[in-house]
Each structure stands twice: as C-alpha cells, then as structure tokens.
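Chemist: the sequence and its predicted three-dimensional model are supplied below.
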Amino acid sequence: MKAAIITLSRVVLVFIVVALFQRGYYLNALATLLTAVIITMDALDGYIARQYGETSAQGAALDILGDRIVENVLWIYFACAGEYSFWVPAIVISRDVVVDNLRSMAFAEGKTAFGKTTMQKAEWAKLLVSSRISRFLYAASKGVCFTYLGLVITLRSAEVSALWMDYLISFKYILIYGTVVFCLLRGFPVVWEGRGYLLGSSLNPPRASS
C-alpha cells in the first residue's frame, strides 16, 4: 500500500510540475526541483515495496502504469514547450503502447515484465530489458534528460547569455536522442520475443502428449 501511495503521488506531482513551468524563474526552478523529486520517487517506491513485503505482479504493473503516465506527460509537455519536435514523444509513446500491450498479453499467461517470471527468455533480452543495471541506466537517462530540460527552461527565463544557452542546448539534444535510442533498444527484445502475440501464433507450442 505504501509503495502504491508513492506511485500515485508521482502521478499527481507531474501535473503540478507542468502547471508550474513557464510562469517565471522561481516557479520554473521549483518545477525543475520537483521533476528531480518525481524521478527519485520512482526508485523509492520499489525500495519501499521490497522493505515492507509489498512486491507483487499487480504492484509491478501499477508501477509501470505510473511510470508511463509521468514519462508521457513530460515528453508531451516539453515538446509543446518547443524543446524538441513532435516526433520525439510520438516515437516514445508508440513504442510504449506496443510494449505495454505485449506485456499485458503475457501477464494474462502469468508472465511479468521483470523478475523471476519475466516474459523475456533469452539472456541477452533479460540483460537489456529486465536486468537491474539496464533498468537503472534507463531510469537515470530519463531522469537526467527531464531534469536538464527543466534546467534549460529555468535558465532561459533567467536570461542567461546566448553563448551559454547554445552550449546547453547542444548537450540537451544529446540527452534527448540518447534517451530515445535507449528506449527503442530496450523495447526491441519485448517485441521480438513477444511477436507471437502480435502474429496470433504461439512461439512455444505445447508438446504432444505421449
């Protein structure tokens, strides 16, 4: 229950963050700080769930749902704010829709996104999708990317010199496109190993009884 409260709190906070941006330097700074807090809370809910024995397939599904809402709201907002093109959220959200639908199909068969009952079979797929290092790096890349975008908006409202802003904006695009590429790479194993669901066929048909 405690982990679920943290997840739901993140969802509420992300809408507050969007409402605070573009309302002057101080509110931009506050929104950027809250963005970092929201990202940190993503790691906190998993820790709380493990500490209080609240880990479950349903809890993991709720965590992913909360992550999707937070991430998609931020991807869409920063595109609307003009920080990158429409294609960035379009690609990321499309990837998420495909991946999450495949995971929901697998979940109906008792398979989960992560953990011992993960739908990923091959070791390379587990390493890229469900390993702790991959999940940490992806969460960190999104966290740094979103917080940095908030920082750019904040510094722009503080009228930082154009030269400095040029450097900041150049690095911004490295973070954005790096995160998008990593997103697609982590989605590929889910699509590849779950292609049977998309094609309406079983990749592992049951053996004939003897």
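Modeler: That came in fine, so what should we check first?

Chemist: sort out which residues of the helix or strand encompassing residue 26 are buried, please.
Modeler: Residue 26 belongs to helix 25-51 when assigned by DSSP states H and E. Buried residues in helix 25-51, counted by 16 or more other CB atoms under 10 Å: 28-35, 38-39, 41-42, 44-46, 48-49. Heads up, the C-betas are built off the backbone N, CA and C, glycines and all.

Chemist: helices and strands around that helix, which ones?
Modeler: helix 2-20, helix 57-80, helix 132-157 (3 or more CB pairs under 8 Å, 6 or more residues apart in numbering; DSSP states H and E).

Chemist: the very next helix or strand once past the last one versus helix 57-80: what angle between them?
Modeler: Put plainly, it is helix 132-157. Next along the chain after helix 132-157, taking DSSP H and E as the criterion, comes helix 162-193. If you take axes from the mean of the first three to the mean of the last three CA atoms, to 10 degrees, helix 162-193 sits at 140 degrees to helix 57-80.

Chemist: which positions within helix 162-193 qualify as buried?
Modeler: Buried residues in helix 162-193 (16+ other CB under 10 Å): 172, 175, 176, 179, 180, 182, 183, 186, 187, 189, 190, 193.

Chemist: as TSV, those residues with pLDDT and distance to residue 98 would be great.
Modeler: Shown next, in TSV, are those (pLDDT from 0 to 100; distance: CB to CB, whole Å):
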residue	pLDDT	distance to residue 98
172	94	27
175	95	24
176	97	21
179	96	18
180	97	15
182	96	16
183	95	12
186	94	12
187	94	7
189	92	12
190	91	8
193	88	13
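
Chemist: which one among the residues you listed gets closest to residue 166?
Modeler: residue 172 (10.5 Å; CB to CB).

Chemist: quick one: closest of the helices and strands packed on helix 25-51 to residue 112.
Modeler: Using CB to CB, those put helix 57-80 closest to residue 112, at 5.1 Å.

Chemist: what is the closest one packed up against?
Modeler: Using 3+ CB pairs under 8 Å, 6+ apart: helix 57-80 touches helix 2-20, helix 25-51, helix 87-107, helix 132-157.

Chemist: just the angle between that helix and helix 87-107, please?
Modeler: 170 degrees.

Chemist: could you list the buried residues of helix 57-80?
Modeler: So for helix 57-80, counting by 16+ other CB under 10 Å, buried means 59-64, 66-79.

Chemist: so which of the buried residues of helix 162-193 is the closest to residue 164?
Modeler: residue 172 (12.4 Å).

Chemist: pretty sure the closest one is in contact with residue 150, am I right?
Modeler: No: between residue 172 and residue 150 there is no contact under CB atoms under 8 Å: 10.9 Å.

Chemist: excluding chain neighbours, what is closest to residue 168?
Modeler: Counting by CB to CB, 6 or more residues apart in numbering, residue 152 is the residue found nearest to residue 168 once chain neighbours are left out, at 5.6 Å.
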